[in-house]
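Colleague: Pasting the sequence and the predicted coordinates here, then a few questions.
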Amino acid sequence: MKLVIINYGAGNIKSIQFAFKRLGVDAILSNNIDEIRAADKVIFPGVGEASTAMKMLQESGLDKVIPTLKQPVLGICLGMQLMCNSSEEGNTKGLGIFNVEVKKFTKAVKVPQMGWNVIYDLKSDLFTGIKEKEFMYLVHSFYAENCEEAIATTDYEIEYASALQKDNFYGVQFHPEKSGVEGSKILENFLKL
Amino acid sequence: MLTKRIIPCLDIKNGRTVKGINFVNLIDAGDPVVLAKQYADLGADELVFLDISATLEGRKTMLDMVLKVAEQVNIPFTVGGGISSVEDVDALLKCGADKVSINSSAVKRPDLVNELADKFGSQCVVVAIDAKQINGEWFVHLAGGTIPTELNLFDWAKEVEKRGAGEILFTSMNNDGTKAGFANEALAKLSSELNIPIIASGGAGTVQHFIDTFTIGKSDAALAASVFHFGEIPILELKQELKANNIPVRI
């Protein structure tokens, strides 16, 4: 199993690497296009601000590469958001893999949403063995609207897509690498896809 | 529904866990990595490590400890204590910390909050505020509560929110170490005046204190040390009690 975590300068990739190590898989950190293409599985992480992260992707040419990948790809947090059409954060044009827009929570709730919330309406092999309304750890100020590609839903101010899937592309808004035993199970499921 | 968080805080000095009672008289309470793993298994929602080492060697030990915790622990954790620059934060995040908390350094140079939020995102910037109520007014204190300032708690909290803090960790010095309950009036005011999560700290002694800080104090999370470290309040029992009181918790 060759697992690559895309290392483009955005976010806490160490935690993801350690989470896979706990599952017995040594993930490679790379921004090398050939290495990413040759991987069995690809993780697209991201923490921080959308337009800045998008610029980093563009500078390395990864914005053109990621949408053409054929193996299973898992976007996490901002990684998932960048896979959408656009984000209100910094008026960022996304990779357009998921046909959905990313919007900001209003002032009716505390922003960022920070902590453990439940995921439900689970619709993918990614969630094999995960029960409805399982708790996951989330930290985010922007959300993907509920849509046809949603494979998990979460409620914070409104019901939104906390996970998305289209073909070989998966995205999760929550942090499976920080969501205890159940989060770890989701990463394990991804490795089995 | 987003749940209320229970956060054990581990004070670290030279690689070991300690807890200050009223900020003095340190008692050793174990190995941080072992404790952290145990807390994750027992149902803690997050952890905070506060480095109270004063020396350079102590700081280096902290980076090693952060790396070891990140390797072994599968819940989020925050690291605080002695952080004063973008470089300090970069090093901690690279070792696997999820968030950092800054305190005195933010008061001394408020732009640090903006710099950290811009570079790493608000989600990893916790501003810790130690404050003491004197003649009815809350004043911010620095350096572990030893240096008083003229800053008003609420003004300062609002300023750091504007500058990009993702969360406030408010410790009431009047309550800390007393085990007589959290400063719920001030916490509720913070929660209503700010739009970012507020962590209550200082004063946890009983389960009822946690119930009160989530209801009366409107806190988003509650942090405590000795009641957890010495097993006075088991986390699972605490959460069951909170749930029975209709407070949303992860259980």
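Modeller: Structure's in. What do you need?
Colleague: what about the helices in the chain?
Modeller: Just so you know, I chose chain A. A:13-22, A:33-38, A:50-59, A:62-65, A:78-82, A:180-192 (DSSP state H).
Colleague: try chain B instead
Modeller: Using DSSP H, helices in chain B cover B:32-42, B:56-72, B:86-94, B:104-108, B:111-120, B:153-163, B:184-193, B:207-215, B:226-229, B:235-244.
Colleague: Show me which residues of chain B are close to chain A?
Modeller: When proximity is defined as CB under 8 Å from any CB of the partner chain, chain B approaches chain A at B:1-5, B:40, B:45-46, B:70-72, B:74-76, B:93-98, B:118, B:120-124, B:166-167, B:195-197, B:220-221, B:250. All C-beta atoms are positioned from the backbone trio N, CA, C, and that covers glycine.
Colleague: Against residue B:98, how distant is the one residue sitting closest to the centre of chain B?
Modeller: By CA atoms, centre = their mean, chain B has its centre lying nearest to residue B:169, at 5.0 Å. Counting by CB to CB, to the nearest Å, the gap from residue B:169 to residue B:98 is 14 Å.
Colleague: cool, and residue B:156?
Modeller: 24 Å.
Colleague: Neighbour count: those two, which is higher?
Modeller: residue B:98 (26 against 21; other CB atoms under 10 Å in any protein chain shown).
Colleague: Just list the residues touching that one, thanks.
Modeller: A:12, A:15, A:178, B:76-78, B:124 (CB atoms under 8 Å, 6 or more residues apart in numbering or on different chains).
Colleague: ok, 6 Å please
Modeller: Contacts for residue B:98 (CB atoms under 6 Å, 6 or more residues apart in numbering or on different chains) come out as B:76-77.
Colleague: Repeat that for the one 4 residues further on.
Modeller: Going by CB under 6 Å, 6+ apart, residue B:102 touches residue B:83.
Colleague: do that again at 8 Å, thanks
Modeller: Contacts of residue B:102 (CB under 8 Å, 6+ apart): B:80, B:83-84, B:112-113, B:116, B:125-128.
Colleague: Mind checking the helices of chain A for the one nearest to residue A:72?
Modeller: Nearest to residue A:72 among the helices of chain A is helix A:180-192 (6.6 Å), distances taken as CB to CB.
Colleague: Put together CSV for the helices of chain B, with mean pLDDT on each row.
Modeller: Listed next are these as CSV, based on pLDDT from 0 to 100:
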stretch, mean pLDDT
helix B:32-42, 87
helix B:56-72, 86
helix B:86-94, 92
helix B:104-108, 95
helix B:111-120, 93
helix B:153-163, 98
helix B:184-193, 98
helix B:207-215, 98
helix B:226-229, 85
helix B:235-244, 97
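Colleague: Any idea which of those gets closest to residue A:108?
Modeller: helix B:184-193 (13.5 Å).
Colleague: Mind giving me the packing neighbours of the closest one?
Modeller: helix B:153-163, strand B:167-172, strand B:198-201, helix B:207-215 (3 or more CB pairs under 8 Å, 6 or more residues apart in numbering or on different chains; DSSP states H and E).
Colleague: For chain A, list the residues in contact with chain B, please.
Modeller: Counting by CB under 8 Å from any CB, chain A sits next to chain B at A:12, A:14-15, A:18-19, A:21-22, A:47-49, A:107, A:110-118, A:135, A:137, A:139-141, A:155-156, A:175, A:177-181, A:183-184.
Colleague: ok, now which ones touch the residue positioned nearest the centre of chain A?
Modeller: For chain A, residue A:76 is the residue whose C-alpha lies nearest the centre (CA atoms, centre = their mean; 2.1 Å). Shown in contact with residue A:76 (CB under 8 Å, 6+ apart): A:16, A:43-46, A:171-172, A:175-177.
Colleague: With only the CA atoms kept, save the helix or strand of chain A with the lowest mean pLDDT in CSV.
Modeller: Scoring the helices and strands of chain A by mean pLDDT, DSSP states H and E places helix A:50-59 at the bottom, with a mean of 90. What follows is helix A:50-59, C-alpha atoms only, in CSV (Å, rounded to 0.1, in the frame of the first residue of the first chain):
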residue,chain,number,x,y,z
ALA,A,50,-9.0,28.8,1.5
SER,A,51,-7.6,31.4,-1.0
THR,A,52,-4.1,31.1,0.5
ALA,A,53,-4.2,27.3,0.3
MET,A,54,-5.6,27.5,-3.3
LYS,A,55,-2.7,29.7,-4.3
MET,A,56,-0.2,27.2,-2.9
LEU,A,57,-1.9,24.5,-4.9
GLN,A,58,-1.7,26.6,-8.1
GLU,A,59,2.0,27.4,-7.5
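Colleague: Between helix B:111-120 and it, find me the angle.
Modeller: 50 degrees (axes from the mean of the first three to the mean of the last three CA atoms, to 10 degrees).
Colleague: Which other helices and strands does helix A:50-59 contact?
Modeller: So helix A:50-59, by 3+ CB pairs under 8 Å, 6+ apart, packs with helix A:78-82, strand A:92-93.
Colleague: Would you mind pulling the contact partners of the last one?
Modeller: Outside strand A:92-93, the residues within contact range by CB under 8 Å, 6+ apart are A:50-51, A:54, A:82, A:85-86.
Colleague: sorry, back to before: just the buried ones among the residues of chain A next to chain B, please.
Modeller: Burial by neighbour count, 16 or more other CB atoms under 10 Å in any protein chain shown: within the residues of chain A next to chain B this picks out A:12, A:14-15, A:18-19, A:47-49, A:110-118, A:135, A:137, A:139-141, A:156, A:175, A:177-180, A:183-184.
Colleague: ok so, going back, so which of the helices and strands packed on helix B:184-193 is the most packed in?
Modeller: strand B:198-201 (a mean of 29; mean count of other CB atoms under 10 Å in any protein chain shown).
Colleague: What strands line up against that strand, and which way round?
Modeller: strand B:167-172 (parallel), strand B:221-224 (parallel) (DSSP bridges).
Colleague: got the contact list for the first one?
Modeller: The one in question is strand B:167-172. Against strand B:167-172 from outside (CB under 8 Å, 6+ apart): A:114, B:48, B:80, B:99, B:101, B:125-133, B:145, B:153, B:157, B:160-161, B:182-183, B:186-187, B:190, B:194, B:196-203, B:223.
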